[in-house]
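Trainee: Predicted model follows, preceded by the sequence.
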Amino acid sequence: MRAPLPDLDVLDIEALKALILSQHEEKQRRLEELDRQRAALDQRRTQYQDELRERSERIEHLRLVEKLRRMLFGRKSEKLSIQIDQLELQLEEMEAIYAALASGPVGDAQTDNTGAKPARKPLPEHLPRQIVTHEPKRQCCPECGSDLRHFGEDVSQQLDYVPESFRVIRHVRPKLACSKCETVVEAPAPSRPIARGLAAPGLLAHVLVSKYADHCPLYRQAEIYARQGVELDRSTLAGWVGATSELLTPLVDALRRHVLGATKLHADDTPVPVHASRNSFYKARY
């Protein structure tokens, strides 16, 4: 409850001044509280507007997908199927270009890429396992020369591909400890084409050959691998293509110098829409 207003007739000048000041301070506190409440309401309204805009864009996207689905399965339009395939190819090219640019120069290809990545699924248990054990070069303690004892191991896995089949290579590095000074000895981890990457060189080569030599796009490769029980997201394959393209940059540069050094050059002038995104990549690179 509010305090009752005192009798102004009996107050002296100093008391009146103090009363006016207290009333003014109370009014200022109320105004500041109203300003805080207004700011909170404005922030909440902005959040609601952003959420509404996001939901509206999502609805428009879903409507477009539904429209494409009706056009595809309603009239069985072969032309539309080709257009969708072209869009898939363009998306793959853009993801591969993004991964290549994010990987940086060849010297930085082993650095970790902190971009958004799909969740990695566990490797299927039915695939055969090949265990490669990396023993330390020395069988005695490098510090004091005493015998080493086995106390653990580090295990990492790579998904490899041999013609017509997958396999999992398990890299096992036994941990040895000195029985006297407790020095730990372990073989260095083997290098990978892509830092912390799951794909071994054989699988990367197969993906690239299938895409560029056999003209099998990544989304179709993902479907082929899924039939073998290995689920690899298309964006994951696109990331592998982009990162591997950085590893092949020295070879590409050498071929480019060799081709452009000729007196006559024959080029493919087929008007494929995918060439546009690829050309923009090379313009940005060179």
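Mentor: That came in fine, so what should we check first? Numbers count the residues shown, from 1 in each chain.

Trainee: Going by C-alpha atoms from here, please, whenever you check contacts or count neighbours.
Mentor: OK.

Trainee: The stretch 151-286 of the chain: strands as residue ranges?
Mentor: 165-178, 184-186 (DSSP state E, counting those that start in this stretch).

Trainee: Can I get those in JSON lines including mean neighbour count?
Mentor: Output for the strands of the stretch 151-286 of the chain, formatted as JSON lines (neighbours: other CA atoms under 10 Å):
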{"stretch": "strand 165-178", "mean neighbour count": "19"}
{"stretch": "strand 184-186", "mean neighbour count": "20"}
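
Trainee: Which one, of those strands, ends up nearest to residue 221?
Mentor: strand 165-178 (13.4 Å; CA to CA).

Trainee: just to revisit the earlier point, mind putting the strands of the stretch 151-286 of the chain into JSON lines with mean pLDDT and distance to residue 236?
Mentor: Listed next are those as JSON lines, based on pLDDT from 0 to 100; distance: least, CA to CA, whole Å:
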{"stretch": "strand 165-178", "mean pLDDT": "90", "distance to residue 236": "17"}
{"stretch": "strand 184-186", "mean pLDDT": "92", "distance to residue 236": "31"}
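
Trainee: Redo these as TSV? Include distance to residue 28.
Mentor: Shown next, in TSV, are the strands of the stretch 151-286 of the chain (distance: least, CA to CA, whole Å):
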stretch	distance to residue 28
strand 165-178	70
strand 184-186	69
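
Trainee: For residue 258, which of these is the nearest?
Mentor: strand 165-178 (36.1 Å).

Trainee: which helices and strands does the closest one pack with?
Mentor: Strand 165-178 is packed against strand 129-133, strand 148-162, strand 184-186, with contacts defined by 3 or more CA pairs under 8 Å, 6 or more residues apart in numbering; DSSP states H and E.

Trainee: Give me the residues contacting it.
Mentor: 127-135, 140-141, 146-161, 183-189 (CA atoms under 8 Å, 6 or more residues apart in numbering).

Trainee: can you pull out the helices in the stretch 1-150 of the chain?
Mentor: Ranges of helices in the stretch 1-150 of the chain, per DSSP state H, counting those that start in this stretch, are 13-75, 78-103.

Trainee: what's the angle between the shortest one and helix 13-75?
Mentor: What that stands for is helix 78-103. 130 degrees (axes from the mean of the first three to the mean of the last three CA atoms, to 10 degrees).
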